[in-house]
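Trainee: Give me coordinates for this.
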Amino acid sequence: MPVVIESLDREGRGIARVEGKAIFIEGGLPGETVSYASYRRKPSYEQAVATAIHETSAERELPRCPHFGVCGGCSMQHLEARAQVAAKQRVLEDSLWHIGKLRPETMLRAIYGLAWGYRQRARLSVRLVAKKGGVLVGFHERKSSFIADMTSCEVLPRTVSNLLPPLRRLIAGLSNPARLPQIELAVGEAVTVLVLRILDPLSAADEEALRNFASRHGIQFWLQRAGPDTAVAFFPEDAPPLYYCLPEFGVQIRFRPTDFTQVNHAVNRILVRHAMALLDPRPGERIADLFCGMGNFSLPIASRGAEVLGVEGNAELVRRAEANARENGLAARARFQTANLFEAANCAAFGSDDGGGFDKLLIDPPRDGAMEVVKALGRGGPRRIVYVSCDPATLARDAQVLVQVKGYRLVAAGVINMFPHTSHVESIALFEK
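Mentor: Numbering: from 1, shown residues only. The predicted structure follows:
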């Protein structure tokens, strides 16, 4: 029976209703009439896939990637790029209202950039599959542990996408291709790095093949034998360092290829600019940057003359942040410390009634959010908070405490389209006393 799609859920699936029951339909867009086949049935909802589109949305587009629908890397290529941003804005607004019972005083303009070739960080799986002709290199198939049979990728930079077929041939020719399960990609301003996760030592012939490949394609190989910290440069050893630029702030941030950085450097530059505009750091102010990583926000804050304390749970990232502060001439105004901000005791410094002496906070937590930080804030705490979020649900949860318990106003909020063609929603919010 055909149904009409009413809206999209936060996973990018179309929502229809049949006799009050919600049907979540992959491939359906709002306003479309579709037929569907259910693959999971529960008393209050079903999950399904569209089998036919009878009335088509004006916002539907032909997916650019030939692997769309099989590869799990993207879920929204069938929706026009501006409509994707609008759908994510609705997810943010719905989360703030339904979870936090809040509406921002102002909705910020969405932050977005190029829709294709944007992904400068990626983790590609590798598998030897004789039935498919050899080695596969790519993302997992949708809802599967299988590797998609990819020969290109539209969200990777074109130079990297073009490497997929020769990479498959390279790995297939190694002495034990079944023992190389993963390739991590990191693209910097001056070098592209591929980190090979190797479970067995390489032979001399394998190493020579890697050197030839790196020389021919202009990339650098690293080898990782165990955890991320074991990754070491292999060839060429004298390649330029990995770094990205924040030119408006005169900052370069160096990183290792296994470090966490934003996947979309261009949108990250816009995000940092907007975050600084909302935070408005000024000389003489004391600002805390919580979950600071390698200094993505800390160093721009210091470049504006404020004193910043960056706090991060990963000691290696703290050391990287300190080195970046020194290399950018900002060590006098940027200090860093290691602390687990998911533990209440470590948040107490920011939670006294005078806010620990901090005028403002920037918070950029992982998906779990920053509840312990938020709960620790005193009612006389920092007068301004900029909160960058990768999960609208935890942002809404934390925002409810900030507004209803801690006395802040939700002045503004908006989305950041860091991952075009996926349902992932990043957002930014401004709170003030």
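Trainee: outside of the longest helix along the chain, which residues touch it?
Mentor: Assignment by DSSP state H gives helix 81-98 as the longest helix of the chain. Defining contact as Cβ atoms under 8 Å, 6 or more residues apart in numbering, one finds that helix 81-98 is touched by 7-8, 10, 12, 59, 76, 79, 102-104, 107, 110, 112, 115, 392-393, 395-396, 399, 410, 413-415, 417, 420-421, 423, 425, 427. Quick note: C-beta positions are derived from backbone N, CA and C, even for glycine.
Trainee: swap the cut-off to 6 Å and go again
Mentor: Applying Cβ atoms under 6 Å, 6 or more residues apart in numbering, the contact partners of helix 81-98 are 8, 10, 59, 76, 102, 110, 112, 115, 392-393, 396, 415, 417, 425, 427.
Trainee: Pull out the buried residues from that helix.
Mentor: For helix 81-98, a neighbour-count test (16 or more other Cβ atoms under 10 Å) marks 81, 83-85, 87-89, 91-93, 95-96 as buried.
Trainee: ok, now stretch 121-131?
Mentor: Neighbour count says stretch 121-131 has 121-122, 124-128 buried, by 16+ other Cβ under 10 Å.
Trainee: Those into TSV, with extra columns for secondary structure and distance to Ile53?
Mentor: Shown next, in TSV, are the buried residues of stretch 121-131 (DSSP: H, G, I helix; E, B strand; the rest coil; distance: Cβ to Cβ, whole Å):
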residue	secondary structure	distance to Ile53
Arg121	strand	34
Ala122	strand	31
Leu124	strand	32
Ser125	strand	31
Val126	strand	35
Arg127	strand	33
Leu128	strand	38
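Trainee: Can you tell me which of those residues is closest to Phe234?
Mentor: Phe234 has its nearest neighbour among the buried residues of stretch 121-131 in Val126, at 16.5 Å by Cβ to Cβ.
Trainee: Am I right that that closest one is in contact with Pro177?
Mentor: No: if you go by Cβ atoms under 6 Å, Val126 and Pro177 don't touch, sitting 7.7 Å apart.
Trainee: what about the strands in the stretch 151-300 of the chain?
Mentor: 182-187, 192-197, 220-224, 232-235, 243-246, 251-254, 286-290 (DSSP state E, counting those that start in this stretch).
Trainee: Next, the residues that contact the third one from outside, please.
Mentor: Spelled out, that is strand 220-224. 191, 193-198, 210, 214, 230-231, 233-235, 239, 257.
Trainee: Whichever of the residues you listed end up buried, select them in ChimeraX.
Mentor: Buried subset of the contacts of strand 220-224, written as a ChimeraX selection, criterion 16+ other Cβ under 10 Å:
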select :191,193,194,195,196,197,198,210,214,231,233,234,235,239,257
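Trainee: For Glu248, state which of the contacts of strand 220-224 is nearest.
Mentor: Glu248 lies nearest to Val191 out of those, by Cβ to Cβ, at 22.9 Å.
Trainee: Could I get the buried residue list for the host helix or strand of Ala325?
Mentor: Taking DSSP states H and E as the definition, one finds Ala325 inside helix 315-327. By 16+ other Cβ under 10 Å, the buried positions in helix 315-327 come out as 317-318, 320-325.
Trainee: Show me the helices in the stretch 301-433 of the chain, by range?
Mentor: Assigned by DSSP state H, counting those that start in this stretch, the helices in the stretch 301-433 of the chain fall at 315-327, 344-347, 371-376, 392-404.
Trainee: Go through those helices and find the least confident stretch.
Mentor: Ranked by mean pLDDT, the helices of the stretch 301-433 of the chain bottom out at helix 344-347, with a mean of 90.
Trainee: Pull out the buried residues from it.
Mentor: For helix 344-347, by 16+ other Cβ under 10 Å, it's 346-347.
Trainee: So what touches it?
Mentor: Contacts of helix 344-347 with the rest of the structure, by Cβ under 6 Å, 6+ apart, involve 339-340, 372-373, 376.
Trainee: Closest to Phe431 out of those residues?
Mentor: For those, the nearest to Phe431 is Val373 (12.2 Å; Cβ to Cβ).
Trainee: gap between the residue lying closest to that closest one once chain neighbours are set aside and Val374?
Mentor: Nearest residue to Val373, sequence neighbours excluded (Cβ to Cβ, 6 or more residues apart in numbering): Cys347, at 4.9 Å. Cys347 sits 9 Å away from Val374 when distances are taken as Cβ to Cβ, to the nearest Å.
Trainee: again, but for Glu189
Mentor: Separation of Glu189 from Val374 (Cβ to Cβ) stands at 36 Å.
Trainee: Which one of the contacts of helix 344-347 is nearest to Ala288?
Mentor: Val373 (9.4 Å).
Trainee: How many residues are close by the closest one?
Mentor: By other Cβ atoms under 10 Å, 25 other residues sit near Val373.
Trainee: Low-confidence regions, the chain specifically.
Mentor: Applying pLDDT under 70 to the chain flags residues 351-356.
Trainee: So in it, which strand runs the longest?
Mentor: strand 45-55 (DSSP state E).
Trainee: quick one: strands adjacent to that strand?
Mentor: strand 21-26 (parallel), strand 33-41 (antiparallel) (DSSP bridges).
Trainee: what does the last one contact?
Mentor: Counting by Cβ under 6 Å, 6+ apart, the neighbours of strand 33-41 from elsewhere in the structure are 2, 4, 25, 28, 46-55.
Trainee: Now it - C-alpha only, CSV.
Mentor: Output of strand 33-41 as CSV, limited to C-alpha atoms (Å, rounded to 0.1, in the frame of the first residue of the first chain):
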residue,chain,number,x,y,z
THR,A,33,4.2,8.8,-2.2
VAL,A,34,6.1,5.5,-2.0
SER,A,35,5.6,1.8,-1.7
TYR,A,36,7.8,0.1,0.8
ALA,A,37,8.9,-3.3,2.1
SER,A,38,9.4,-3.7,5.9
TYR,A,39,12.4,-5.5,7.3
ARG,A,40,11.6,-4.9,11.0
ARG,A,41,8.2,-4.8,12.6
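Trainee: and which of the contacts of strand 220-224 is nearest to Gly293?
Mentor: Closest to Gly293, out of all of the contacts of strand 220-224 and judged by Cβ to Cβ, is Pro257, at 15.0 Å.
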